[in-house]
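Engineer: sequence and computational prediction follow.
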Amino acid sequence: MTGVNTETLRDIWQRLLADPHKSWVLFEHGTCVVLTAPEGELAEQATGILREFGPVHAGSSAGDFGVIDPEDVEGWVVTGQHNDVLTYVGPDEPGDQSQIAVGLCGHSKRHRDGTELNVVHVEDGRG
C-alpha cells in the first residue's frame, strides 16, 4: 500500500470540499475532519473529534464504514460513525478496488490518524 503525500492530500481535499467557507483539518494519513461549527483553535477542535471518533473498536459502530466514489477525484472517500470524519484512499492504495478492500484501507488509515493525531494542514474558512 503506497501512501499519498501531504501536498497531494491537501489538493485533493480542497477539490472535494470546494466551498471556501468550510473549515477543515487534515491528518497525516488522509483523514479530514470537517468543522461544521468551527471555533477557537481548529487543529485542537479537530484533534478532539478524531481522538474520539477515529480509533477503530471491533464490534462497535466505530468499526462501520461506507465508501464514496467522488466524480471529480480519483480514489475514494471512506466514511465512519461521525459524518464529518472522512478518509481519502488513493487509487493505488488498496490491494484491490472492491468496496470492502477500499473500506478496510480507509478504516485502517482513520485508525492510524485517530491514534497518532498528526495534523498536517488546517483550512480556516471562517473569513
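Structural biologist: Thanks, I have it.
Engineer: name the residues that touch the helix or strand that contains L86?
Structural biologist: Here L86 is covered by strand 85-89, with elements defined by DSSP states H and E. Here strand 85-89 makes contact (CB atoms under 8 Å, 6 or more residues apart in numbering) with 4, 9, 12-13, 16, 29-34, 49-50, 53-54, 75-80, 102, 105-107, 109-110, 113. C-beta here means a position set from N, CA and C on the backbone, and glycine is covered the same way.
Engineer: same question for stretch 31-47.
Structural biologist: Contacts for stretch 31-47 (CB under 8 Å, 6+ apart): 13, 16-17, 22-27, 49-50, 54, 84-88, 109-110, 113-114, 117, 119, 122, 124-126.
Engineer: L26: what secondary structure?
Structural biologist: Put simply, L26 is strand when judged by DSSP: H, G, I helix; E, B strand; the rest coil.
Engineer: against G80, how distant is the nearest residue to it once chain neighbours are set aside?
Structural biologist: Counting by CB to CB, 6 or more residues apart in numbering, L26 lies nearest to H121, which is 4.1 Å off, once chain neighbours are set aside. Applying CB to CB, to the nearest Å, the value for H121 to G80 is 20 Å.
Engineer: can you check T115 too?
Structural biologist: 14 Å.
Engineer: which one's more surrounded, these two?
Structural biologist: G80 (25 against 12; other CB atoms under 10 Å).
Engineer: can you report how many residues lie near the residue lying closest to that one once chain neighbours are set aside?
Structural biologist: Using CB to CB, 6+ apart and skipping the chain neighbours, the partner closest in space to G80 is F65 (5.5 Å). By the criterion of other CB under 10 Å, F65 has 20 neighbours.
Engineer: mind listing what F65 touches?
Structural biologist: Contacts of F65 (CB under 8 Å, 6+ apart): V78, T79, G80, G103, L104, G106, H107.
Engineer: show me where the chain has strands.
Structural biologist: 23-27, 31-35, 66-68, 76-79, 85-89, 119-123 (DSSP state E).
Engineer: any idea how far the shortest one is from the chain center?
Structural biologist: Mean C-alpha position of strand 66-68 versus that of the full chain (CA atoms, centre = their mean, to the nearest Å) differs by 12 Å.
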